[in-house]
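Enquirer: can't give you the sequence, but here's the structure:
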């Protein structure tokens, strides 16, 4: 897409170096750029985003660039669409990905709606991903810096939302981003990258403390795949598929891994490394880039850390079965699987139990 010579672009500025450089690039191209920081989390944060200092960093960078800056308070929406589902998923024995839900509901829905209301043509972010034209539409594609690629967490962005979204850093490496920030003298040039979960604070006890303040953490049974009682865990809500540490079942048989978590029944099932493998996974609530697709794709999920060869079969328009070329570690229900054709995202969804 060729931008108009002077488009009105609302840039999401988190207070980090990536969004700072994204704003700088667009401003240097002559666009009417306005920075906005979304205030999402009202509690303590030590992850490098969502803090008072981050808002200040974004505002100061905007001043350096000579652009206006605003703060939008989406705290209630963040609680409704990200925090509450995060807690509910743990109760149900799921392993959520709150960053994907934040992108789905906040950055590329609420923010776009606000941009519409204010008369902006486009929204831009500092994600390391690309937007490519395909068959009259657009797809998300991997960024140039594979080590920093964020296309995986952007899969829900499709259709009209993607048509109005820019990723100015898509063709840059992280080193190039920092070098440009230093060249421009931006105060965020050497700022460390943020962590994923902005509302989980290490200083205040991490995930166990966060959940424990909101729900009663229940002890749970630990059983083998044959149903034999093997022990207990202190909090079933803190256990996830593939986990080995903290699951002390003792006895012979070698290492045991969590192969299932039944939240309502407060039961954790453990098995051997071989029993942790699965030939396929069902994925629901699939968001397609340009319509349902079946066949050979690369599939990526957090459990594997890299794209793997797979064959995708349609169960219905929003549900697929992903058959791995070789059995792989089970993917925790609640996590996302994203499908790629080469570097391009063709769809992605959430693993079902």
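Expert: Looks like it arrived, so ask away. In this text, all values refer to a predicted model and were calculated from it rather than measured experimentally.
Enquirer: what about the residue nearest to residue 83 when sequence neighbours are not counted, how many neighbours?
Expert: Distances taken as Cβ to Cβ, 6 or more residues apart in numbering place residue 199 nearest to residue 83, at 6.3 Å, with adjacent residues excluded. Quick note: C-beta positions are derived from backbone N, CA and C, even for glycine. As a burial measure, residue 199 scores 21 neighbours (other Cβ atoms under 10 Å).
Enquirer: repeat for residue 41
Expert: The burial count for residue 41: 23, using other Cβ under 10 Å.
Enquirer: Checking my notes, it in a strand, right?
Expert: No - under DSSP: H, G, I helix; E, B strand; the rest coil, residue 41 falls outside any strand and is assigned coil.
Enquirer: about what we covered before: quickly find the element holding the residue nearest to residue 83.
Expert: Here residue 199 sits in a region with no helix or strand, counting by DSSP states H and E.
Enquirer: Would you confirm that it contacts residue 210?
Expert: Yes - applying Cβ atoms under 8 Å, one finds residue 199 in contact with residue 210, separated by 7.0 Å.
Enquirer: Run through the helices of the chain in chain order.
Expert: 17-28, 52-65, 75-78, 84-91, 98-102, 111-117, 159-163, 174-184, 206-212 (DSSP state H).
Enquirer: wait, which of these is closest to residue 240?
Expert: Nearest of the helices of the chain to residue 240, taken as Cβ to Cβ: helix 84-91 at 9.2 Å.
Enquirer: quick check: mean pLDDT across the closest one?
Expert: Helix 84-91 shows a mean pLDDT of 96.
Enquirer: got the contact list for the closest residue to residue 255 other than its chain neighbours?
Expert: Using Cβ to Cβ, 6+ apart and skipping residues adjacent in sequence, the residue nearest residue 255 is residue 244, 6.1 Å away. By Cβ atoms under 8 Å, 6 or more residues apart in numbering, the residues touching residue 244 are 255, 256, 257, 258.
Enquirer: okay, now the domains of this protein?
Expert: 8-184, 217-271, 277-351 (automatic domain parsing).
Enquirer: would you turn those into a markdown table with distance to residue 192?
Expert: A markdown table is the format used below for the domains of the chain (distance: least, Cβ to Cβ, whole Å):
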| stretch | distance to residue 192 |
| --- | --- |
| domain 8-184 | 6 |
| domain 217-271 | 26 |
| domain 277-351 | 21 |
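Enquirer: Quickly, which of those domains bottoms out on average pLDDT?
Expert: domain 217-271 (a mean of 90).
Enquirer: Could you tell me the end-to-end distance of that domain?
Expert: For domain 217-271, the first-to-last residue distance is 24 Å (Cα to Cα, to the nearest Å).
Enquirer: Next: stretch 148-156.
Expert: Start-to-end, stretch 148-156 (Cα to Cα) is 19 Å.
Enquirer: which residues touch that stretch?
Expert: Against stretch 148-156 from outside (Cβ under 8 Å, 6+ apart): 97, 99-100, 103-104, 108, 127-130, 140-143, 173-174, 287, 300, 336, 338, 343, 345, 347-348.
Enquirer: now it, how far from the centre of its chain.
Expert: Distance of stretch 148-156 from its chain centroid, counting by Cα atoms, centre = their mean, to the nearest Å, is 7 Å.
Enquirer: Over to stretch 263-278?
Expert: 25 Å.
Enquirer: Stretch 180-199 now?
Expert: 19 Å.
Enquirer: before we move on, what about stretch 281-301?
Expert: With Cα atoms, centre = their mean, you get 17 Å for stretch 281-301.
Enquirer: let's have the chain start at 5 instead
Expert: Let's use 5 as the start, then, which means that last one is stretch 285-305.
Enquirer: Which residues belonging to it are considered buried?
Expert: 285-287, 290-294, 297, 301-305 (16 or more other Cβ atoms under 10 Å).
Enquirer: Could you list which of those belong to strands?
Expert: Mapping the buried residues of stretch 285-305 onto strands (DSSP state E) picks out 285, 286, 287, 290, 291, 292, 301, 302, 303, 304, 305.
Enquirer: Tell me the one of the residues you listed nearest residue 125?
Expert: residue 291 (23.8 Å).
Enquirer: What's the local residue count around the residue nearest to that closest one when sequence neighbours are not counted?
Expert: Nearest non-adjacent residue to residue 291, counting by Cβ to Cβ, 6+ apart: residue 160, 5.0 Å away. Residues near residue 160, counting by other Cβ under 10 Å, number 23.
Enquirer: Quick check: phi and psi at the residue nearest to residue 139 when sequence neighbours are not counted.
Expert: Once flanking residues are discounted, residue 139 sits nearest to residue 294: 6.2 Å by Cβ to Cβ, 6+ apart. Backbone torsions for residue 294, taken as degrees, to the nearest 10, come to phi -150, psi 50.
Enquirer: for residue 349, which residues make a bridge with it?
Expert: residue 344 (DSSP bridges).
Enquirer: So what's the residue count around it?
Expert: 27.
Enquirer: gap between it and residue 142?
Expert: Between residue 349 and residue 142 the computed distance is 10 Å (Cβ to Cβ, to the nearest Å).
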